[in-house]
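Student: sequence first, predicted model second:
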Amino acid sequence: MQRLSVDTDVTVVGGGLAGVAAAIGAARTGARVALINNRPVLGGNSSSEIRVWVCGATAHGAQKYARETGVMGELFLENQYRNPEGNPYLWDQVVLDAVRAEPGISLYLNTDVREVEADGPEDGRAVRAVTGWQMGSERIIRFTSPVFVDATGDGLVGEQAGAWYRTGREAAHEFGEEWAPDQADSDLLGNTMFFYTKDTGEPVRFVPPSIAKDIGSTSIVRNRPISTTANGCDYWWIEYGGQLDTVADSEAIRDELWAVIYGIWDHIKNSGEYDADTLTLEWVGSVPGKREYRRFVGDHVLTQQDIIEQTRFRDAVGFGGWSIDLHPAGGMYAESDGSKHLFSAGLYHIPFRSLYSRNVGNLLLAGRDISASHVAFGTTRVMATCAVTGEAAGVAAGLCVRDGLTPRQLANDHIDLLQQTLLRHDASLLGVAWQDPADLAASAHVSASSELRTLRVAPRPGERTGRQSLDGHDVGIVLPVEPALEAVELLLDASEATSVELELWSTGGGENHIPVDQLGTTRVELVPGEQWVRAPFSHKAPGGRNVVLVVRRNPSVALVVVDRPGPYGVLGLVSRTPRTRSGQPQSNAWSAEELRRRCPATVVHGDSDAYGASQVTGPLQRPYDGPRMWSSESLAVDPEPWIRLDWDRPRTVARVDAILNDDVDLDLVNLHHHRTPFPVVPELVRDYDIEALVDGAWRTVASVRDNRERRRSHLLDEPVAATALRLAVHATNGSEWATVVALRVYGAEQS
C-alpha cells in the first residue's frame with residue numbers, strides 16, 4: 001500500500017460540474033489545483049452513471065437570454081458540436097477533456113476522501129488536509145493546500161471540518177418565506193434513478209427480478225405519468241428518500257428506487273395496458289442522483305425573497321434562472337404533484353458571501369451545498385447553476401492563494417478583483433460592469449464598417465411568411481431602445497374588420513425580458529387582409545433599455561411572421577398564464593418557444609445605438625437592458641464587415657480577447673431533452689482575422705477559421721506597437737449579421 005502526499009494551491013473535492021468548474025476556474029488564475037472525485041467519471045449527476053439533464057438558468061427556455069457562459073457555456077457549446085445526439089458517454093469525454101486541457105489541474109479519479117484535518121475554535125476553524133483512498137491503485141493520498149473547495153454535494157469536507165450547516169426545511173418565520181412550512185422539519189428533496197429503453201423490432205419478454213415492486217398496488221399508477229415513450233429524465237419523478245436521511249439511508253433508498261424501476265417496467269411489459277411487445281430495457285442506473293443534503297452557512301443565506309425580488313448584490317458573482325422547484329418529501333408515493341414551481345420575472349443574482357463557510361476560514365463552497373435556505377436551494381441546486389457557483393468559488397480560491405487573502409477578505413475588501421477576473425473569463429455575471437484599467441481597448445476610439453441602426457424585419461419579395469394567431473394568446477415583441485423609440489409598425493392579418501389593442505411595457509429591469517410595467521396603450525382599427533399598422537409610442541432610454549410591445553388577443557387577427565431570426569435582441573413572446581399569488585409576473589408567463597428564431601414583421605422608428613461599434617468596449621458583455629453587442633448591417637449590404645480600435649499614440653499589444661455572440665437565448669442541453677438543429681451556433685463569427693496597424697501598414701496578428709467558440713484569447717507571437725487594431729469578419733456560421741460582444745486588448749505585462 002502506497003502513501004502519497006500532494007501539495008497544491010487549491011484542493012477541490014468533488015468532480016461534479018461544480019467541482020469541474022471550480023478546478024478550471026482556479027487553474028485559469030494560475031493556481032496549481034488538485035481535483036478529487038470518488039467516481040471513475042466526472043460530471044456528477046450529469047455523468048453516464050446517473051444521466052441527469054444539465055438544467056440551468058434557461059429553465060428549458062422559460063427564461064430568455066439566460067444560457068450560462070464561462071466554463072459551463074464552453075461545455076455546452078463543445079457538447080453541441082461533438083454530441084448533438086446527447087450520448088451520455090460522449091458527454092463524459094467532453095467534461096474530461098475540458099479538465100485535461102488545463103495544465104494546472106492534477107486529476108484524482110476513484111479517490112474517496114475519508115478524513116479531514118481541521119483545527120481552530122468553533123467560530124474560526126481552518127482545513128489543513130484531506131485524505132482519500134484511491135480504489136484500484138490502493139493508494140492513500142493526503143492532500144494539503146491553503147484553500148479548499150467543497151464541491152461534494154453532500155458537504156462531506158465541510159461537515160468533517162466542523163463547518164456550520166443546515167438540513168431540512170426552515171420555518172416560514174425564520175426568513176419570511178411564503179413557500180416554507182409553518183414549522184421547521186427534516187424533510188428533503190429525494191433521490192432519483194433512471195432507465196433507458198429501446199425498440200428491438202421483435203417481441204421481447206420481461207421476467208421481473210425478485211426486487212421488482214408491484215406498483216399497481218401503489219399510488220404511483222394513479223398519480224404519476226407512465227409511458228412507453230418516456231426515457232431517462234422523463235422519469236424525474238421516480239424519487240424517494242425525502243423523509244429519510246439521504247446519506248445514512250442511501251443503500252435502502254437505492255434499493256427502493258431499483259424496485260420501483262423494475263416494477264414500472266414490469267407494469268409496462270406485462271400488465272397488458274401498453275403496446276410494448278418489442279421494447280426492452282437498454283440501461284438501468286445503479287447510482288442514485290441526489291438532490292439535497294447539507295447546506296452550509298455562509299456570510300449570506302440566499303432566500304426566497306432574494307430569488308423572487310431579484311436582489312442586486314454588491315458581491316454578485318453569478319446568476320440563476322431555474323424556478324424555485326420543490327418536491328414533496330414523499331416523492332413518487334406522494335398524493336400531490338411531483339413538483340411545484342415559482343419563477344421570478346427573470347434572472348436572479350448569487351452573492352459571493354454565499355460561497356464560503358462562515359466559520360471555516362479557508363473553505364469555499366460550490367454546487368448544491370452553498371449557503372441557501374431550503375426554498376432558495378430549490379433553484380440553485382440545478383447543475384448549470386452549480387457550475388456557475390463552482391467557477392466563482394474556484395476563481396476566488398485562486399485569487400485568495402495568489403494574494404494571501406481569506407474568502408471573507410476577498411468579499412469585503414476586494415470583490416471588484418473577483419468580479420473583474422470572472423468577467424475576463426467571460427463567466428456568468430449579469431449587469432456587473434467591466435472596468436479593468438489594464439484593458440487598452442477602453443481608451444480607444446471605436447468604429448466599424450457598418451452598424452445596424454434601423455430595426456426592420458419585413459418579408460422579402462417572394463418570401464413565404466407564417467402567422468402567429470392572437471386567438472387565445474397575447475403576443476409580445478421585445479425591442480431594444482437606445483436612445484429613443486418614436487413608433488413601431490407591425491404587419492397584421494385580419495380576417496374581418498376589427499380593432500386590436502397595442503400596449504408598450506418596460507421589463508422592470510435588465511434581468512428581465514417580459515412585460516412588467518405598462519408605459520402606454522392604444523387601439524388601432526383594422527380592415528380585412530394584410531396591413532401594416534402603426535403604434536405611435538414614443539419612449540426614451542439613454543444608455544439602453546428593453547421594451548415589450550404587446551398585441552392583445554383577438555381571434556380575428558394574426559401577426560405576420562418571417563421564418564428567420566430578426567436582429568439579435570428582438571424576440572417574440574406568446575402569453576401563458578402563470579403569476580404569483582401576489583400578482584407578480586413570472587418569466588414563464590411568456591413563452592419564446594413558438595417564435596424563437598422566427599420574427600414578427602416589425603419596423604421600429606428611431607435611429608438606434610443599441611448595436612453601435614462602441615458596445616464592444618462597453619461595460620456589459622451579455623444581454624442586459626439591451627443586446628450589448630456590435631452588429632454590422634446585413635452581410636448582403638456589408639459583406640466584409642470589420643470593427644476597429646484606434647489610439648492617439650502607439651500602444652504595445654500582446655494579447656487580444658474577443659467575445660463573440662453565441663446566442664445565449666438558445667437553450668442547449670447535454671442529453672436527450674431536445675435537439676438543436678445545428679452543430680455550431682449560427683450567430684458565432686466563423687472566420688476572422690485580427691489586424692494591427694503598425695507603422696502605417698496593416699499586419700495580420702491572428703487568423704481564425706471554422707470558429708465555434710464564444711471566447712477567443714489571442715496571445716500574439718510577439719507584442720506589436722500598434723496605433724489601431726481591427727477584427728475583420730469573413731464569415732459567420734449562418735447569421736446574416738456579424739456580431740461581436742466585446743474586444744479586450746492587453747499589453748505585455750497583463751497578457
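Tutor: Structure received.
Student: so Arg402: helix, strand or coil?
Tutor: Here Arg402 is recorded as helix under DSSP: H, G, I helix; E, B strand; the rest coil.
Student: neighbours of it, just the number please.
Tutor: Using other C-beta atoms under 10 Å, Arg402 has 13 neighbouring residues. Using the backbone N, CA and C atoms, a C-beta is placed for each residue, glycine as well.
Student: enumerate every residue touching it.
Tutor: Contacts were defined as C-beta atoms under 8 Å, 6 or more residues apart in numbering; by that measure Arg402 touches 9, 29-31.
Student: again, only using 7 Å
Tutor: Arg402 makes contacts with 29-30, as judged by C-beta atoms under 7 Å, 6 or more residues apart in numbering.
Student: from Thr131, how far out is it?
Tutor: Arg402 is 26 Å from Thr131, where distance means C-beta to C-beta, to the nearest Å.
Student: what of Trp258?
Tutor: 32 Å.
Student: more crowded one of the two?
Tutor: Neighbours were counted for Trp258 and for Thr131 using other C-beta under 10 Å; Trp258 has more, 20 against 17.
Student: how is the nearest residue to that one once chain neighbours are set aside assigned, secondary-structure-wise?
Tutor: The shortest distance from Trp258 to any non-neighbouring residue, by C-beta to C-beta, 6 or more residues apart in numbering, is to Ile211 (5.7 Å). Reduced to three states with three-state DSSP, the structure at Ile211 is coil.
Student: thought Ile211 was touching Ile261?
Tutor: No. Applying C-beta atoms under 7 Å as the test, Ile211 and Ile261 come out as separate, 9.4 Å apart.
Student: who has more neighbours out of those two?
Tutor: Neighbour tally, Ile211 and Ile261, criterion other C-beta under 10 Å: the higher count belongs to Ile261, 22 against 13.
Student: what distance do you get for that one to Gly61?
Tutor: Relative to Gly61, and taking C-beta to C-beta, Ile261 is found at 29 Å.
Student: for Arg224, same thing?
Tutor: From Arg224 over to Gly61 (counting by C-beta to C-beta), the distance is 24 Å.
Student: what about the helices in this protein?
Tutor: Here the chain has its helices, by DSSP state H, at 17-27, 70-82, 88-100, 156-161, 172-175, 220-223, 250-270, 304-308, 374-380, 383-403, 407-413, 415-424.
Student: just these: most buried one?
Tutor: helix 17-27 (a mean of 33; mean count of other C-beta atoms under 10 Å).
Student: what lies in contact with that one?
Tutor: Residues contacting helix 17-27 (C-beta under 7 Å, 6+ apart): 10, 12, 33, 35, 37, 42-44, 46, 54, 71-72, 95, 98-99, 102, 104-105, 149, 151, 366-367, 383, 386-387, 389-391, 393-395, 397-398, 425.
Student: same thing with stretch 689-703?
Tutor: Residues contacting stretch 689-703 (C-beta under 7 Å, 6+ apart): 653, 656, 714, 716, 720-728.
Student: and the closest residue to Val524 other than its chain neighbours, how many neighbours?
Tutor: Once flanking residues are discounted, Val524 sits nearest to Val533: 4.8 Å by C-beta to C-beta, 6+ apart. A total of 18 residues lie near Val533 under the criterion other C-beta under 10 Å.
Student: so who does Val533 touch?
Tutor: Val533 neighbours (C-beta under 7 Å, 6+ apart): 489-490, 492, 524, 526.
Student: so Ala722 touches Val656, yeah?
Tutor: No. Ala722 is beyond contact range of Val656, at 10.1 Å (criterion: C-beta under 7 Å).
Student: quick check: the gap between the closest residue to Ile261 other than its chain neighbours and Glu594.
Tutor: Sequence neighbours aside, Phe195 is the residue nearest to Ile261 in space, at 5.2 Å (criterion: C-beta to C-beta, 6+ apart). Going from Phe195 to Glu594 by C-beta to C-beta gives 32 Å.
Student: with Gln304 instead?
Tutor: Between Gln304 and Glu594 the computed distance is 30 Å (C-beta to C-beta).
Student: same deal with Arg708?
Tutor: Taking C-beta to C-beta, one finds Arg708 at 28 Å from Glu594.
Student: is the residue nearest to Val524 in a bridge, and if so with what?
Tutor: Val533 forms beta bridges with Leu490, as assigned by DSSP bridges.
Student: any idea how far Thr522 is from it?
Tutor: Counting by C-beta to C-beta - Val533 and Thr522 are separated by 10 Å.
Student: try Pro515
Tutor: From Pro515 across to Thr522, the span is 15 Å (C-beta to C-beta).
Student: between those two, which one's more packed in?
Tutor: A side-by-side neighbour count of Pro515 and Thr522, using other C-beta under 10 Å, places Pro515 first with 26 against 14.
Student: from Gly361, how far off is the more buried one?
Tutor: 46 Å.
Student: next up, the contacts around the residue with the largest distance to the centre of the chain.
Tutor: Most distant from the centre of the chain: Ala497, at 45.2 Å, with distances by C-alpha atoms, centre = their mean. By C-beta under 7 Å, 6+ apart, Ala497 lies in contact with 526-528.
Student: give me that answer again for 6 Å
Tutor: The neighbourhood of Ala497, defined by C-beta atoms under 6 Å, 6 or more residues apart in numbering, consists of Val527.
Student: now Val481
Tutor: Val481 neighbours (C-beta under 6 Å, 6+ apart): 539, 541, 545, 547.
Student: and those as CSV, adding distance to Val432?
Tutor: Formatted as CSV, the contacts of Val481 follow (distance: C-beta to C-beta, whole Å):
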residue, distance to Val432
His539, 26
Ala541, 20
Arg545, 18
Val547, 23
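Student: a markdown table for those residues, including pLDDT?
Tutor: Formatted as a markdown table, the contacts of Val481 follow (pLDDT from 0 to 100):
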| residue | pLDDT |
| --- | --- |
| His539 | 91 |
| Ala541 | 90 |
| Arg545 | 95 |
| Val547 | 97 |
